[in-house]
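[1] quick one, fold the following:
(one chain, ligands or ions: 2)
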Amino acid sequence: MACRECGYTCELGPHYACMECFGPLEVRYDFPALTRADIESGPLNIWRYASLLPVRPDIAETPGTEPGWTRLVRADNLAAALGMRRLWIKDERGNPTHSFKDRVVAVSLAAAIEMGFKVLACPSTGNLANAVAAAAAKAGIRSVVLVPADLEIQKIIMTAVYGGTLVTVDGTYDDVNRLASELAGEHEDWAFVNVNVRPYYAEGSKTLGYEVAEQLGWRLPEQIVVPIASGAQLVKIDKGFREFAELGLVGGESWRVFGAQASGCAPVSAAFEAGQDVVKPVRPATIAKSLAIGDPADGPYVLDAVRRTGGAIADVSDDEIIDSIGLLASTEGIFAETAGGVVVGVLRKLLASGRLDPEAETVIINSGDGLKTLNAVPAGARAPAPIRPTLEAFRKAGLG
Ligand SMILES: *Cc1c(COP(=O)(O)O)cnc(C)c1O
Ligand SMILES: [Zn+2]
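    Ligands and ions are numbered 1, 2, ... in the order given. Here you go, the predicted structure:
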């Protein structure tokens, strides 16, 4: 492992902060020689990339519920509506608990079991809670999940149903995260996936980048738009692209990474606009609760990746998020949660401002499922007044 700030290195193990400077640790690799055929012969889930991940997949087998290999959908209708040429949606609803968080949990669960932790835990903005509770249930270990009390009811139920310990906390996600860090200090055998096992957790998101490249036919997209909460997903998609390029699994093409936030919680977008390297924490107020992290751990690294690749970051209002959920649903038949609305909204905004090239091949990430955020849907998405079961009533209602 290596410190992302000072370069200090240490053996792979249950570490997450640098001994020298307290900076975040990251997993570094000496990769084996690897061919496309090696990967293609693997299972159709994230473990086809096991040789590029820091855990052994056989440690924590969850047969039948492995995440990954979600659909990459060619979005010609949405592209036409936006005046784009080639647009794809990586649709993460296909994971076991309907968000990309199943990827990061699978990797951190394997790491936790390998390192002897007894409990799988997390602070969460919702989707991580679902993924941790479900994976722990399947693996037969206890889960402890902490969430802000004002979370969407669907995400609360979808955590509680698996039977682990669910704690709702009066406070923001950042308060919940602080409490989790204190608990991690007290309970040495609890693996908080995104706190004390974070270096492993974060690596799980690389598989999103790998899959996009492989599903495009071993190519990288010219542009990719990614939602930002802590920022880990965006940073690791970029890392996955770089690794594939270094391994020679894709050609030498360049890519640009774009970040998407909700205006009600846009600390990284604000730092990008201001040309700053530090991210100033905010207090979130947005319907995009899955992205409502006011003090994002990977914020500075997001700025690095976006600036290095020549991308941009933008944010959209709650109204624009809801409108974009409607646009995606009505053009592509994909019902996204608020995070997906944020990404489509930012895609439109970056096209309008000329920062994103409509001619270039573009991938957008839909990281979650609209069924979990039924509070955030367009006004038209509700049951119409009922009619009597007669032809006459049907005609009278002007339905054709
Ligand atoms: C957690 C989450 C994200 C952002 O993940 P980070 O890696 O923390 O930036 C995006 N979309 C959804 C639906 C999420 O649940
Ligand atoms: Zn350091």
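
[2] quick one: mean pLDDT for the helix or strand containing Val73?
    Here Val73 sits within strand 71-74, counting by DSSP states H and E. Averaged over strand 71-74, pLDDT sits at 98.

[3] check stretch 193-209 too.
    Mean per-residue pLDDT for stretch 193-209: 96.

[4] partner strands of the strand holding Val73, with direction?
    strand 87-91 (antiparallel) (DSSP bridges).

[5] report whether the helix or strand following the partner strand contacts ligand 1.
    Remark: after strand 87-91, the chain's next helix or strand is helix 101-114, criterion DSSP H and E. Yes: Helix 101-114 is in contact with ligand 1 by C-beta under 6 Å from any ligand atom, via Lys101. Bear in mind the C-beta positions are built from the backbone N, C-alpha and C, glycine included.

[6] next structured bit after helix 101-114?
    Tracing the chain past helix 101-114, the next element assigned as helix or strand by DSSP H and E is strand 119-123.

[7] contact partners for the nearest residue to Asp189 once chain neighbours are set aside?
    In this structure, Asp189 finds its nearest non-sequential neighbour in Lys118, 4.2 Å apart by C-beta to C-beta, 6 or more residues apart in numbering. Going by C-beta atoms under 8 Å, 6 or more residues apart in numbering, Lys118 touches 141-142, 189-190.

[8] and what of Asn127?
    So Asn127 contacts 97-101, 155, 290, 367-368, 372 (C-beta under 8 Å, 6+ apart).

[9] need those residues in CSV (columns: pLDDT and distance to Val226).
    Listed next are the contacts of Asn127 as CSV, based on pLDDT from 0 to 100; distance: C-beta to C-beta, whole Å:
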residue, pLDDT, distance to Val226
Thr97, 98, 20
His98, 98, 18
Ser99, 98, 14
Phe100, 97, 10
Lys101, 98, 14
Lys155, 95, 21
Ser290, 95, 13
Ser367, 98, 8
Gly368, 97, 13
Lys372, 97, 19
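
[10] which pair in those residues spans the largest distance?
    Phe100 and Lys155 (14.5 Å; C-beta to C-beta).

[11] now for whichever helix or strand Tyr200 is part of, which elements pack on it?
    Assigning secondary structure by DSSP H and E places Tyr200 in helix 198-203. Helices and strands touching helix 198-203, by 3 or more C-beta pairs under 8 Å, 6 or more residues apart in numbering; DSSP states H and E, are strand 25-26, helix 101-114, helix 232-246.

[12] so the helix or strand following that helix, near ligand 1 or not?
    Next along the chain after helix 198-203, taking DSSP H and E as the criterion, comes helix 206-215. No: contact of helix 206-215 with ligand 1 (C-beta under 6 Å from any ligand atom) is absent, the minimum separation being 9.8 Å.

[13] what lies in contact with helix 206-215?
    Applying C-beta under 8 Å, 6+ apart, the external contacts of helix 206-215 come out as 36, 39, 46, 49, 52-53, 68-70, 72, 88, 90, 92, 100, 103, 219-221, 224, 233, 236-241, 243-244, 249-250, 363, 365.

[14] let's see it at 7 Å
    39, 46, 49, 52, 68-69, 72, 90, 100, 103, 219-221, 233, 236-237, 239-241, 244, 250, 363, 365 (C-beta atoms under 7 Å, 6 or more residues apart in numbering).

[15] now stretch 149-156
    126-127, 129-130, 168-170, 289, 371-375.

[16] closest one of these to Lys396?
    Once C-beta to C-beta is applied, the member of the contacts of stretch 149-156 that ends up nearest Lys396 is Leu374, at 30.4 Å.

[17] quick one: secondary structure of the closest one?
    Here Leu374 is coil, with the state taken from DSSP: H, G, I helix; E, B strand; the rest coil.

[18] on that earlier part again, now for the contacts of stretch 149-156: which two are most distant?
    So, the contacts of stretch 149-156 by C-beta to C-beta: farthest apart are Asp170 and Leu371, at 26.4 Å.

[19] and those two? which has more neighbours close in?
    Leu371 (12 against 9; other C-beta atoms under 10 Å).

[20] who's in contact with that one?
    So Leu371 contacts 154, 335 (C-beta under 7 Å, 6+ apart).

[21] from Val377, how far out is it?
    10 Å (C-beta to C-beta, to the nearest Å).

[22] is it true that Met257 lies in a strand?
    Careful, residue 257 is Val and not Met. Yes: under three-state DSSP, Val257 falls within a strand.

[23] residues near whichever residue of the stretch 151-300 of the chain sits closest to ligand 2, how many?
    Here the stretch 151-300 of the chain gets closest to ligand 2 at one residue, Pro199, 12.9 Å apart by C-beta to the ion. Counted with other C-beta under 10 Å, residues neighbouring Pro199 total 24.

[24] and the gap between it and His187?
    19 Å.

[25] next one: Gly64
    30 Å.

[26] for Ala111, same thing?
    17 Å.

[27] how about Glu152?
    Relative to His187, Glu152 is positioned 28 Å away (C-beta to C-beta).

[28] so between these two, which is more surrounded?
    Glu152 (21 against 16).

[29] any idea how far that one is from Ile287?
    To Ile287, Glu152 is 9 Å away according to C-beta to C-beta.

[30] how about the residues of the stretch 101-250 of the chain near ligand 2?
    For the stretch 101-250 of the chain, no residues are found near ligand 2 under the criterion C-beta under 5 Å from the ion.

[31] where do the strands sit along the protein?
    All strands of the chain, identified by DSSP state E, fall at 2-3, 25-26, 71-74, 87-91, 119-123, 142-148, 165-169, 190-192, 223-227, 256-262, 313-316, 362-366.

[32] could you dump those into a markdown table with mean neighbour count and distance to ligand 1 added?
    Output for the strands of the chain, formatted as a markdown table (neighbours: other C-beta atoms under 10 Å; distance: least, C-beta to the nearest ligand atom, whole Å):
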| stretch | mean neighbour count | distance to ligand 1 |
| --- | --- | --- |
| strand 2-3 | 18 | 20 |
| strand 25-26 | 20 | 14 |
| strand 71-74 | 16 | 16 |
| strand 87-91 | 23 | 12 |
| strand 119-123 | 26 | 11 |
| strand 142-148 | 23 | 12 |
| strand 165-169 | 17 | 17 |
| strand 190-192 | 26 | 14 |
| strand 223-227 | 27 | 4 |
| strand 256-262 | 28 | 9 |
| strand 313-316 | 27 | 12 |
| strand 362-366 | 27 | 8 |
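
[33] having no further points to raise, I will conclude here.
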